[in-house]
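Asker: here you go, sequence then predicted model.
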Amino acid sequence: MIHYVSDKDSDLIRFAVTGVDADLCINASRLSLEEFMALSRSGDAETEIHTEPVIDRNYVQQQNSAAA
Amino acid sequence: MTYVEHIQQRVYANTSLYSMWLPVDRVSVGDYGSIRRGRFNREGNVSQRGIQFKEQVSQSSPSTFGFSDKAKFNARSALGGAAGPSIGAALEIALSGEGAFVYQMRDVTTKRVEDKASFFRDLFLAILEGRFRWREDFVLVDEIREAGSATLIILESDSGKVVIKGGLLTAEESDAPLARGEISAAVEHGSVFHVISQKATTPLFNPRRLVFGRIPVALGRWSAQWSIG
């Protein structure tokens, strides 16, 4: 999973590839791209980007449960 | 759910990869675009937007893949009777139920972004700086599987039977016999869609959706702990 966090106090930004379901990502509220861009540029709050698979993870968990 | 989406979810459950539709379509690492009804609509490659990266190429292990649902295999001898388990003159595949399928591929190679941290950093920076106009429905491909040959058979009716001839066929599904050698498929009954490709294809890929969020609790300046890898 890829994370990005902006630092509201500077122009610096950080990126990272972390394990799945990092707390940072779970606790983040989702934004539209437009909201994200506006918030990131304003520096009013910390924002993050991560990536996720296209196929719903819940489906895979259901399949695994059914197979068990 | 369409047949294609059903197959894609089954394949994903086994591989964590997305299956390409149509199977003969190609996709490359770094491609981006949207997915509609299970089909990837390529818009371009991030390298065209100035995001450079190296590919890591390796032979997949295993190098053969086989998936099936509601399909039974039966090897036939040249005289029409049952053949031994290893070699048959033909392979009969009985399919039952809409969406039943067999999907096999051989000589599979993995290609992925070598340095994902740098890759995504450059991508996110390009988006943030407005150099790359990202769309919310876009996905990004950071890994693919290329196959030297592949065969896909899908049942569109309630039942069907397909006979595969040619090549060196075995009844062992795990050995991907349907993707080996020059083969042909004859539909004995039922409505069946099939693709047999003896050239390189990209049957599996890893499309990632970008998710944008706001961190609700102030983490403090650089308070987040990171692990790279």
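Answerer: Alright, I've got the coordinates. Computed from a predicted model, the values in this text were never measured in an experiment.
Asker: go ahead and confirm A:Leu31 touches B:Leu210.
Answerer: No - using C-beta atoms under 8 Å, A:Leu31 is not in contact with B:Leu210, being 11.3 Å away. Placement of C-beta: from N, CA and C, glycine included.
Asker: what's the first helix or strand after the lowest-mean-pLDDT helix or strand in chain B?
Answerer: Sorting the helices and strands of chain B by mean pLDDT, DSSP states H and E puts strand B:159-169 at the bottom, at a mean of 79. As assigned by DSSP states H and E, the chain's next helix or strand after strand B:159-169 is strand B:184-189.
Asker: what helices or strands is the biggest strand by length in chain A leaning on?
Answerer: Longest strand in chain A by number of residues, with DSSP state E as the criterion: strand A:47-53. The contact analysis (3 or more C-beta pairs under 8 Å, 6 or more residues apart in numbering or on different chains; DSSP states H and E) places strand A:47-53 against strand A:2-6, helix A:23-27, helix A:33-42, helix B:116-128, strand B:201-214.
Asker: out of these, which is closest to B:Tyr103?
Answerer: The closest of the helices and strands packed on strand A:47-53 to B:Tyr103 is strand B:201-214. By C-beta to C-beta, the value is 7.7 Å.
Asker: pLDDT averaged over that closest one - what is it?
Answerer: Regarding strand B:201-214, the rounded mean pLDDT is 88.
Asker: any residue of that strand touching chain A?
Answerer: Yes - residues of strand B:201-214 contacting chain A under C-beta under 8 Å from any C-beta of the partner chain: B:206-214.
Asker: between A:Leu31 and B:Leu210, which has more neighbouring residues?
Answerer: B:Leu210 (23 against 20; other C-beta atoms under 10 Å in any protein chain shown).
Asker: measure that one to A:Met37 for me?
Answerer: 12 Å (C-beta to C-beta, to the nearest Å).
Asker: which ones are touching B:Leu210?
Answerer: By C-beta atoms under 8 Å, 6 or more residues apart in numbering or on different chains, B:Leu210 lies in contact with A:49-51, B:127, B:134, B:138, B:140.
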